[in-house]
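Participant: Provided below are the primary sequence and the corresponding predicted coordinates.
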Amino acid sequence: MKLRPPPDIHEAAVEQHYARAPDGGVESDAAIAALATAVRTTRLNSEQLAAFAETLGKDRLTAPDAARLKLRDTALKLAEATAKKLDDAKAAVQREIEEIDTLTGTPPALRDQFSAGLEAEIRARLASMSEKARDEAISKAFTEKEASIIAAALRGPAMLIGMNPAKQSIIRHRYRHTFYPDEAARLKRLTAALEATERSGRSFLGYIANAATGAATELAEAAANAKAAEQAIAAAIAEQE
């Protein structure tokens, strides 16, 4: 069985999301490096499986059906080990993405009752405004970096100020990029690197499925089962003689 590793399984797809220094050099990032290492392992394992399949194909001492079954077993074992490395790397980066998202999605928590009361009053005032007036007030708050008004718009459900969730998401995006530009840029890079890793993972699973559950393997399993049944019948007849 001829196997060809998917060309889109390559660590370069992840490494392109490293930040670049002013001189064009790559800035280190442990999270992206972990994803790139996992994808590199996936690529090498894919190539290893293809080489193993080629070796089996040249082995004249192993029957084709047995060779296909051996390939299937090897593919499944390799898939389990590879998937764990990918999942571990992705889980760590996903946690980091969630932490950045939480940190930069809403102004810091209020520290006293006075601030909470003031924010409630601002929220009530925003809710009483027309959409145009509310948009202007929030836009002015960004210009002047008045965090209390922005916080009132972002903290809690959008309906509290008469706004729809989509509009609130736009405000949250603007808040993140205005007050946390570096973190926002890194969030974008990590998200893109994670998506590239997930694409490699999906390609790898398809590749493994082709090796483990392709039509040729299914025929080989049927032949093996038939042979096993034939041997069992022969053994039973032998016992009766």
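Facilitator: Structure's in. What do you need? Residues are numbered from 1 along each chain as shown.

Participant: So which elements touch the longest helix along the chain?
Facilitator: The helix spanning the most residues in the chain, taking DSSP state H as the definition, is helix 64-105. Using 3 or more Cβ pairs under 8 Å, 6 or more residues apart in numbering; DSSP states H and E as the contact test, the elements touching helix 64-105 are helix 30-58, helix 165-179, helix 181-213, helix 215-240. C-betas here are computed from N, CA, C, even on glycine.

Participant: for it, the distance to its chain's centre please.
Facilitator: The chain centroid and the centroid of helix 64-105 are separated by 10 Å, computed with Cα atoms, centre = their mean, to the nearest Å.

Participant: Adding mean neighbour count, mean pLDDT and distance to Glu99, write the helices and strands packed on helix 64-105 out as JSON lines.
Facilitator: Shown next, in JSON lines, are the helices and strands packed on helix 64-105 (neighbours: other Cβ atoms under 10 Å; pLDDT from 0 to 100; distance: least, Cβ to Cβ, whole Å):
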{"stretch": "helix 30-58", "mean neighbour count": "18", "mean pLDDT": "91", "distance to Glu99": "11"}
{"stretch": "helix 165-179", "mean neighbour count": "15", "mean pLDDT": "95", "distance to Glu99": "13"}
{"stretch": "helix 181-213", "mean neighbour count": "18", "mean pLDDT": "93", "distance to Glu99": "10"}
{"stretch": "helix 215-240", "mean neighbour count": "12", "mean pLDDT": "49", "distance to Glu99": "43"}
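
Participant: Quick one: name whatever helix or strand follows the longest helix of the chain.
Facilitator: Taking DSSP states H and E as the definition, the helix or strand that follows helix 64-105 towards the C-terminus is helix 113-128.

Participant: circling back to that earlier point, output the helices and strands packed on helix 64-105 as TSV; include the columns distance to Pro107.
Facilitator: Listed next are the helices and strands packed on helix 64-105 as TSV, based on distance: least, Cβ to Cβ, whole Å:
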stretch	distance to Pro107
helix 30-58	25
helix 165-179	7
helix 181-213	14
helix 215-240	57
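
Participant: So for Pro108, which of the ones you listed sits nearest?
Facilitator: helix 165-179 (10.2 Å; Cβ to Cβ).

Participant: quick check, Leu61 in a helix?
Facilitator: No - in this structure, Leu61 is coil, not part of a helix, as judged by DSSP: H, G, I helix; E, B strand; the rest coil.

Participant: Provide the backbone phi and psi angles at it.
Facilitator: Backbone dihedrals for Leu61, given as degrees, to the nearest 10, come out at phi -90, psi -10.

Participant: how about the closest residue to Glu27 other than its chain neighbours, what does it touch?
Facilitator: Distances taken as Cβ to Cβ, 6 or more residues apart in numbering place Ala19 nearest to Glu27, at 4.2 Å, with adjacent residues excluded. Residues near Ala19 by Cβ atoms under 8 Å, 6 or more residues apart in numbering: 26-27, 29, 185-186, 189.

Participant: please redo it, this time with the cut-off set to 7 Å
Facilitator: By Cβ atoms under 7 Å, 6 or more residues apart in numbering, the contact list for Ala19 reads 27, 29, 189.

Participant: which ones are touching the closest residue to Met129 other than its chain neighbours?
Facilitator: Distance criterion Cβ to Cβ, 6+ apart; nearest residue to Met129, sequence neighbours excluded, is Ala137 at 6.7 Å. Residues in contact with Ala137, defined by Cβ under 7 Å, 6+ apart, are 126, 129, 149.
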